[in-house]
Structures are given as C-alpha cells and as structure tokens.
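K.L.:
below: sequence and its predicted model.
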Amino acid sequence: MRPQIVHGIDVRAVEAAVRSAELKTTGEIRVSLARFYFWGDVRRAAERVFRYLHMDRTRHRNGVLIYVVPGRRRFAIVGDSGIHQHLDPSFWPQVADRLSAAFRAGDPTGGLSHAIAEIGVQLATHFPLQDGPNVNELPDTVARGL
C-alpha cells in the first residue's frame, strides 16, 4: 500500500500504528490533524476536538487523542478521565518530549507511531481486553481539518 502523505505525515502508517496499539486493549486512540492555517490555542482546540469526536463517550472513559498542528509543529495529547485514574502523571510529559524530538528531527510519522505504541502499552496494562471480541468504539482513521 502506498503512503498517503498529509502535511509531511504518512496517514496510513499512523492509522496502522493505531490499529496495532489497540489490539490488546479496550482503550481507544485517535489522531487528528488540524487545518494548515491553524492559529489558536492548541490545548483548547484539542479538548474541543476530543469532545467533537465523541472520545468522551467510550464505555471505560479510556480514549486518548493526539491533536497535531503540522504547520506549527505543535501538538497536544488529551486523555479521558478513566485513564488519568490509572496512569502516573509523569507518563504524558515523557511521551510529549519524545514526540517533540521526533518533530524537530523531521520524523513526525515515526514520532507519532512511537507515541501511539507507548500509549497502547499503557492502555493494555490498565484496560486489557476482556473475554470476547474487542469492540472498536471509535474509528482508527486520522481525523483531518478539525
């Protein structure tokens, strides 16, 4: 399958990383790419997109959004309330630092894929699959233009 590059990010590779990370967890991970001409507050926009994508409506409140503003090389990671009850608060800055380094190095796809994998490990630890099929509550596709 050929890559689909949007703002320097291979969308198909990121979507594959999301599918892989969700294999062992009931947690949900989404990535959203902002419009190219974004000028607002990244964190507030991420929180708004989190609600717009209904990530606050998962059964276990275990959704995580990585909101990326490619034109500004900025991002925000937003997790739902169920996740914050389980994860050490130091986890998020560590993921953000590595993702920032990847953006600075010119590898946003690799950085996103690695961040998604790290988040997936934590979700699998705290929200493992139960007996029965894994219901995918949210699409694994990259949301664009929000």
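P.N.:
It's in. Residues are numbered from 1 along each chain as shown.

K.L.:
all helices for the protein, in order.
P.N.:
11-21, 42-52, 81-84, 91-104, 108-126 (DSSP state H).

K.L.:
helices or strands up against the shortest one?
P.N.:
What that stands for is helix 81-84. If contacts are counted by 3 or more CB pairs under 8 Å, 6 or more residues apart in numbering; DSSP states H and E, helix 81-84 sits against no helix or strand. Heads up, the C-betas are built off the backbone N, CA and C, glycines and all.

K.L.:
if you average pLDDT over that helix, what comes out?
P.N.:
Mean pLDDT, helix 81-84: 90.

K.L.:
just the longest one next, same as before
P.N.:
For helix 108-126, the mean per-residue pLDDT is 97.

K.L.:
ok, now the fourth one?
P.N.:
Within the predicted structure, the mean pLDDT of helix 91-104 is 95.

K.L.:
likewise for stretch 31-47?
P.N.:
For stretch 31-47, mean pLDDT rounds to 88.
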